[in-house]
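K.L.:
Got a predicted model here, sequence first, then my questions.
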There are 2 protein chains.
Amino acid sequence: MRSLVELIAKKREGQEHKEGEIRRLIDALMAGELADYQMSAWLMAAFLRGLSDAETNELTDAMLRSGEVLDLSSVPGIKVDKHSTGGVGDKVSLCLAPMVAACGVPVPMISGRGLGHTGGTLDKLEAIPGFRVDLSTEDFIKTVREVGVSMIGQTAQIAPADKKIYALRDVTATVECIPLIVASILSKKLAEGIDALVLDVKVGRGAFMKDVDRARELAEALVRVGTRAGKRVVALLTDMSVPLGCTIGNALETREAIEVLHGRGPDDLVACTLALGAEMLVLGGKARDVGQGEELLRKAITDGRAAGVMRSLIKAHQGDPRVVDEPDRLPRAPIHLDVHADRAGWVTGIDPRELGLSAVALGAGRTRADQSVDHDVGLELLVRCGDKVKKGTPLVRIHARSRAAAKDMEPRVRASFTLADTSFPAPPLVLGRVDASSLTS
Amino acid sequence: MRSLVELIAKKREGQEHKEGEIRRLIDALMAGELADYQMSAWLMAAFLRGLSDAETNELTDAMLRSGEVLDLSSVPGIKVDKHSTGGVGDKVSLCLAPMVAACGVPVPMISGRGLGHTGGTLDKLEAIPGFRVDLSTEDFIKTVREVGVSMIGQTAQIAPADKKIYALRDVTATVECIPLIVASILSKKLAEGIDALVLDVKVGRGAFMKDVDRARELAEALVRVGTRAGKRVVALLTDMSVPLGCTIGNALETREAIEVLHGRGPDDLVACTLALGAEMLVLGGKARDVGQGEELLRKAITDGRAAGVMRSLIKAHQGDPRVVDEPDRLPRAPIHLDVHADRAGWVTGIDPRELGLSAVALGAGRTRADQSVDHDVGLELLVRCGDKVKKGTPLVRIHARSRAAAKDMEPRVRASFTLADTSFPAPPLVLGRVDASSLTS
């Protein structure tokens, strides 16, 4: 049997690992027999030499089996989850999950926290007074069974190898590597005990993938490896060249997601939620196609069932369900400062990354994983791409902890808007779709 | 200023580091700001992406300056050392250094221990009763000044960054990388405070470099980077397709080296010592060319000066100088077992790697750096490549701790000899020479 160092050398030489070799590396890492500095050397070799689908599959499975795989057999039906690669203003999970659950598809969702310019679902949920994201796995399963949806954070038992490897990648310049990203995403999601998965691969300036080719490459790898793992997987490529919806910041985004459940909310957010939700209903066997899926989702909004599931979800997580009907119960920052256009023109660009980082600077996010966040602060867009503004038109409202903090951020926030003399068509929201049948290879 | 992670990403992308960036990495490593797992990711990136001469130069210098650089200004003359990349039976340093010192060139030598199939000078010296390789740097400098030569091990103060990085490379599959090898060798050698360096790059089955092209690549890199660092550097490529000399094992090799000082010793060992020594005398300004250098070295043998320096060297290191004239004072293993030819024929091959590993198995070497060695055991070749043998001719004498150990090794030792029906010319000893003027680029 090859030594662990020989396995690192094998990947360094660009050879494909035989079945069992990657599992040995991961098992040895978790057993303390492979040191972090050996794992990071392998990760760099994998980054530069690549991993085949079979290797990525084994890596996913080894990371998944480093921890607990939830047993959702007590929940009837086809369990479907959604994962987004992360964007600015992406509060889709908060409205999507109750809508899909209201249509009869159980949604067991394990989410993350915000880091860098992108937000995280857990932080948004915690803006709801009392909401707990740390349910035990028993309570999580019970809530999925009884409410149709539950949303918690990655526990220490879920894919601990992914946690360890992710932390290493973050500090060893091995993050931007498709097979490693695929294994990280899928190991966590498959640990939920799901049957099917819809992926929202964000594309553009505010996303991890800046261009559509690279995003499609990631989407295809996710679908290929997820399919190999025996799951039904669909990926949508969606636009992240501008923020999604009109709000950035935890309580603001939660409020906007609740708006969607009441049949309001900005068009792009609604469209994104419906597109992803319809795919989930098809995978969950509740709709024959996405057209019918969207119809069912709209109906769940109009007849109040989606909002009802949201109330039950919040209650099951010990939060205050009254926020669904009285959103003013959500926390609000004390200071509001509107930023005005310094010229007339068409809004042709709103930089999601700059606004995401501005929100972080206001306290809404983190630059390091161990920081806490301020749920109340953030940004509220008052214009959208394609709007015509006059000089002095308010572009965005800063929600801040102090006037000084708001004033500090004003120039950066204003500079995030591009005003031009001619209008420019906004990009479509859904840029592509990948499923097992559409794979190019 | 770029973050340390960005520096790792830069090498990962195959970009050349700007001046100061590699120094920052090494300084951060030694200050505990760059973790081992970050260093190993950078090492793997450097392995796969390469390092330019300027980068290798900075790496060498940063590792060198992580510790103490010996101040040999109190020693008059041009200080010259020799470094071998390691082979089987390579006891050249032990006879070479006193010979060169006897000709007036001071030799400050910091050596290593054996690991794997190759032996180490320190272990051979320690076969001399009482010999201490752990002199203080003050005593080392004093001995070089008074005797003309001193030989010690790498202290904790000499290039500690190299020590740390070498340990990491060993377990992260990043050893076989020319720029990293160059920086490791030169950082240690330049820390000796030398003015010039002769390199013996071994080529063949018993060496780190198996083929002459790769060995020349290493030799050229060593000469280029050493020259950039302001030193005069010459490299010889020498054959390691068979063991050097007739002995493998510490006391046996020390005895053979002493033979050379008395004008005896096997031809190949004498030739290798003279070739390297002549280069050292030229670099040290004591000979105008290698022809004159060899002549001076031979004279130092015949008039007894070389043996005299050896006595003084041993005395200065608290060893028993009588071994020079009474080699039976060196330790000997209790069991001798001759291995005989199982057929008649010409000796056309003697596998240095197999014999080296056999000697390790007898106890003469180490498989792990923390093991101790048995100075007394080893192998004594009774025939050389090109000899004609009958069936039953003794090929080699095993010097072992026990009869069982000797018997155990007999088949492996016999199998290391190739006997053929036709003779085969032995390869030349010196396969090439590289100096600053002969560089191809």
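P.N.:
Looks like it arrived, so ask away. Numbers count the residues shown, from 1 in each chain, chains lettered A, B, ... in the order given.
K.L.:
which secondary structure element contains the nearest residue to residue A:52 once chain neighbours are set aside?
P.N.:
Among residues not flanking residue A:52 along the chain, residue A:16 sits closest, at 5.4 Å (Cβ to Cβ, 6 or more residues apart in numbering or on different chains). Where you see a C-beta, it was placed from the backbone N, CA and C, and this is true even at glycine. If you go by DSSP states H and E, residue A:16 is not part of any helix or strand.
K.L.:
Tell me which residues of stretch A:89-100 come out buried.
P.N.:
Neighbour-count burial for stretch A:89-100 flags A:89, A:90, A:91, A:92, A:93, A:94, A:95, A:96, A:97, A:98, A:99, A:100 (criterion: 16 or more other Cβ atoms under 10 Å in any protein chain shown).
K.L.:
Let me know the closest of those to residue B:53.
P.N.:
residue A:90 (47.7 Å; Cβ to Cβ).
K.L.:
what about that closest one, which helix or strand?
P.N.:
Secondary structure from DSSP H and E places residue A:90 outside every helix and strand.
K.L.:
ditto for the one 10 residues further on
P.N.:
When secondary structure is defined using DSSP H and E, the element that contains residue A:100 is helix A:92-102.
K.L.:
mind listing what the next helix or strand after that helix pairs with, with the direction of each?
P.N.:
Downstream of helix A:92-102, the next assigned helix or strand under DSSP H and E is strand A:107-111. Counting by DSSP bridges, the strands paired with strand A:107-111 are strand A:149-153 (parallel).
K.L.:
distance between the strand it pairs with and the chain's centre?
P.N.:
Strand A:149-153 sits 13 Å away from the centroid of its parent chain (Cα atoms, centre = their mean, to the nearest Å).
K.L.:
Mind checking what helix or strand follows that strand in sequence?
P.N.:
Next along from strand A:149-153, by DSSP H and E: helix A:160-171.
K.L.:
give me the number of residues near the residue nearest to residue A:52?
P.N.:
Number of residues near residue A:16 (other Cβ atoms under 10 Å in any protein chain shown) recorded here: 13.
K.L.:
That one and residue A:58 touch, don't they?
P.N.:
No. Under the criterion of Cβ atoms under 8 Å, residue A:16 is not in contact with residue A:58, lying 10.7 Å apart.
K.L.:
pretty sure residue A:198 is touching residue A:282, no?
P.N.:
No. Using Cβ under 8 Å, residue A:198 is not in contact with residue A:282; the gap is 9.2 Å.
K.L.:
what's the overlap in contacts for these two?
P.N.:
Residues touching both residue A:198 and residue A:282 (Cβ atoms under 8 Å, 6 or more residues apart in numbering or on different chains) are residue A:234.
K.L.:
So for the two, which sits in the more crowded spot?
P.N.:
residue A:198 (27 against 23).
K.L.:
isn't there a helix covering that one?
P.N.:
No. Going by DSSP: H, G, I helix; E, B strand; the rest coil, the assignment for residue A:198 is strand, not a helix.
K.L.:
Show me what it is bridged to.
P.N.:
Here residue A:198, judged by DSSP bridges, has bridge partners residue A:82, residue A:234.
K.L.:
List the residues that contact residue A:268.
P.N.:
Residues counted as contacts of residue A:268 (Cβ under 8 Å, 6+ apart) are A:244, A:245, A:384, A:429.
K.L.:
got it, and residue A:310?
P.N.:
Taking Cβ under 8 Å, 6+ apart as the test, what residue A:310 contacts is A:95, A:98, A:258, A:261, A:321, A:324.
K.L.:
Kindly reformat the residues you listed as JSON lines containing distance to residue A:438.
P.N.:
Output for the contacts of residue A:310, formatted as JSON lines (distance: Cβ to Cβ, whole Å):
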{"residue": "A:95", "distance to residue A:438": "27"}
{"residue": "A:98", "distance to residue A:438": "29"}
{"residue": "A:258", "distance to residue A:438": "34"}
{"residue": "A:261", "distance to residue A:438": "31"}
{"residue": "A:321", "distance to residue A:438": "40"}
{"residue": "A:324", "distance to residue A:438": "38"}
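K.L.:
Out of the buried residues of stretch A:89-100, which two are the most distant from each other?
P.N.:
The largest separation in these, counting by Cβ to Cβ, is between A:89 and A:100 at 20.3 Å.
K.L.:
Let's have the contacts of residue A:310 in TSV, adding distance to chain B and pLDDT.
P.N.:
Below are those laid out as TSV (distance: Cβ to the nearest Cβ, whole Å; pLDDT from 0 to 100):
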residue	distance to chain B	pLDDT
A:95	36	98
A:98	39	98
A:258	38	98
A:261	40	98
A:321	43	98
A:324	42	98
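K.L.:
Chain A against chain B: which residues are in contact?
P.N.:
A:5-6, A:8-9, A:12, A:35-45, A:47-49, A:168, A:171-174 (Cβ under 8 Å from any Cβ of the partner chain).
K.L.:
which non-adjacent residue is nearest the residue nearest to the spatial centre of chain A?
P.N.:
Nearest to the geometric centre of chain A sits residue A:84, at 3.3 Å (Cα atoms, centre = their mean). In this structure, residue A:84 finds its nearest non-sequential neighbour in residue A:200, 4.0 Å apart by Cβ to Cβ, 6+ apart.
K.L.:
Could you check how far that neighbour is from chain B?
P.N.:
26 Å (Cβ to the nearest Cβ, to the nearest Å).
K.L.:
elements contacting the helix holding residue A:100?
P.N.:
strand A:80-84, strand A:107-111, helix A:121-125, strand A:149-153, helix A:250-261, helix A:267-283, helix A:290-302, helix A:305-316 (3 or more Cβ pairs under 8 Å, 6 or more residues apart in numbering or on different chains; DSSP states H and E).
K.L.:
Dump the ones you listed into TSV; add distance to residue B:186 as well.
P.N.:
Shown next, in TSV, are the helices and strands packed on helix A:92-102 (distance: least, Cβ to Cβ, whole Å):
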stretch	distance to residue B:186
strand A:80-84	50
strand A:107-111	52
helix A:121-125	52
strand A:149-153	51
helix A:250-261	55
helix A:267-283	58
helix A:290-302	65
helix A:305-316	65
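K.L.:
Can you give me the distance of whatever residue of the stretch 301-441 of chain A ends up closest to chain B to residue A:242?
P.N.:
Nearest residue of the stretch 301-441 of chain A to chain B: residue A:367, at 12.0 Å (Cβ to the nearest Cβ). According to Cβ to Cβ, to the nearest Å, residue A:367 and residue A:242 sit 23 Å apart.
K.L.:
repeat for residue A:340
P.N.:
Taking Cβ to Cβ, one finds residue A:340 at 19 Å from residue A:242.
K.L.:
my guess is residue A:272 contacts residue A:244, does it?
P.N.:
Yes. Between residue A:272 and residue A:244 a contact is recorded at 6.2 Å, counting by Cβ under 8 Å.
K.L.:
Touching both of these two, which residues are there?
P.N.:
Common neighbours of residue A:272 and residue A:244 (Cβ under 8 Å, 6+ apart) are residue A:92.
K.L.:
secondary structure class for residue A:188?
P.N.:
Note that with three-state DSSP, the state of residue A:188 is helix.
K.L.:
Spatially, what comes nearest to it if we skip its sequence neighbours?
P.N.:
Counting by Cβ to Cβ, 6+ apart, the residue nearest residue A:188 is residue A:159, at 5.1 Å.
K.L.:
Just the buried residues of the residues of chain A next to chain B.
P.N.:
Using 16+ other Cβ under 10 Å, the buried ones in those are A:5, A:8-9, A:12, A:35-45, A:47-49, A:168, A:171-174.
K.L.:
hmm, back to that, out of residue A:367 and residue A:242, which sits in the more crowded spot?
P.N.:
Here residue A:367 and residue A:242 are compared on neighbour count by other Cβ under 10 Å; more neighbours surround residue A:242, at 26 against 11.
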